[in-house]
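Asks: have a look at this prediction, sequence included:
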Amino acid sequence: MFWLGYEWGAGNESVTPWLLVRVISSTSGPESVVATGLVGFAFTVTQQLVSGLTTAAGFAMFDRTARATWKRLSGRSSTETLNWSETGWGTRALLVFSLGTTAVILIQIAVTGEVGVRRHRTALVAAPVLLGSMVGTFGAAAAAMAWAGRSVPALADGTDWVLRVLGNPLLWIGLLVVLVAVQTQRSKRSDARAVKITDRDADS
């Protein structure tokens with residue numbers, strides 16, 4: 001439960017930017033670009049592997065539930081439901097970036113009806129590597145922009161200020177709280193509209 005809270009809550013979104021900014025702040029030049037990319041990749045792959053392995057091993061105890069879910073999905077759809085590994089690269093990247101490896105493994109379990117680390121080992125490796133490559137690329141790009149900003153005397157102070165702001169975990173926690181609040185409000189409005197439509201149909 002703690003790890004799910006870390007990955008799907010504010011933990012992952014606050015720790016990773018903080019770490020990348022620390023690397024950028026403590027290095028300079030081409031070294032900063034390479035170091036930030038490598039740290040972003042390695043850190044993300046490590047934590048996502050832990051997430052995926054925890055999920056796959058934990059849900060191995062719910063074999064019947066997984067098979068029941070698979071049967072329900074298969075019965076409702078006339079076409080074959082694709083698992084994460086069979087979707088396009090864009091869909092894979094979007095899913096793993098927005099929800100993490102935990103969600104990827106849950107999708108694999110629900111769609112295939114099978115549990116266990118061995119059964120989903122391909123996704124267990126591919127999802128963290130894909131996400132790690134994305135984070136590493138973003139980190140290297142940010143380091144390159146910081147390097148460029150520091151190279152211009154007029155932009156050096158502003159660049160350092162931006163890094164301090166982006167490296168503050170409270171910024172990312174606050175953004176996550178705002179996002180959740182907006183999504184919750186939208187859901188309430190959608191539910192209210194649905195209730196009104198249902199009541200109107202019942203009256204007619």
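Replies: That came through, no problem.
Asks: tell me how far the host helix or strand of residue 53 lies from the chain's centre.
Replies: Here residue 53, judged by DSSP states H and E, is contained in helix 29-58. Between the centre of helix 29-58 and the centre of its chain there are 12 Å (C-alpha atoms, centre = their mean, to the nearest Å).
Asks: same check, this time on stretch 151-170
Replies: On the basis of C-alpha atoms, centre = their mean, stretch 151-170 sits 25 Å off its chain's mean C-alpha point.
Asks: what's the answer for stretch 53-61, then?
Replies: Using C-alpha atoms, centre = their mean, the offset of stretch 53-61 from its chain centre is 19 Å.
Asks: buried sites along it?
Replies: For stretch 53-61, burial by neighbour count (16 or more other C-beta atoms under 10 Å) applies to 53-56, 59-60. (C-beta placed from N, C-alpha, C; glycine too.)
Asks: so which of the residues you listed comes closest to residue 170?
Replies: Distances from residue 170 to the buried residues of stretch 53-61, taken as C-beta to C-beta, are shortest for residue 54 (27.3 Å).
Asks: neighbours of the residue nearest to residue 129 when sequence neighbours are not counted, how many?
Replies: Excluding the flanking residues, the one nearest residue 129 by C-beta to C-beta, 6 or more residues apart in numbering is residue 45, at 6.1 Å. For residue 45, the count of nearby residues is 21 (other C-beta atoms under 10 Å).
Asks: for residue 45, give me the pLDDT.
Replies: Reported pLDDT at residue 45 in the predicted model: 95.
Asks: can you show me the helices along this protein?
Replies: 2-8, 10-26, 29-58, 63-76, 89-112, 121-151, 153-166, 169-203 (DSSP state H).
Asks: quick one: list the elements packing against the third one.
Replies: By that I understand helix 29-58. Judged by 3 or more C-beta pairs under 8 Å, 6 or more residues apart in numbering; DSSP states H and E, the packing partners of helix 29-58 are helix 2-8, helix 10-26, helix 89-112, helix 121-151.
Asks: how far does the longest one sit from its chain's centre?
Replies: The one in question is helix 121-151. Centroid displacement of helix 121-151 relative to its chain, using C-alpha atoms, centre = their mean, is 13 Å.
Asks: what mean pLDDT does that helix get?
Replies: Averaging pLDDT along helix 121-151 gives 92.
Asks: contacts only, for the residue nearest to residue 129.
Replies: Listed by C-beta atoms under 8 Å, 6 or more residues apart in numbering, the contact partners of residue 45 are 128-129, 131-132.
Asks: relative to residue 148, how far out is residue 29?
Replies: For residue 29, the distance to residue 148 (C-beta to C-beta, to the nearest Å) stands at 11 Å.
Asks: over to residue 35?
Replies: Note on residue 35: its distance to residue 148, by C-beta to C-beta, is 16 Å.
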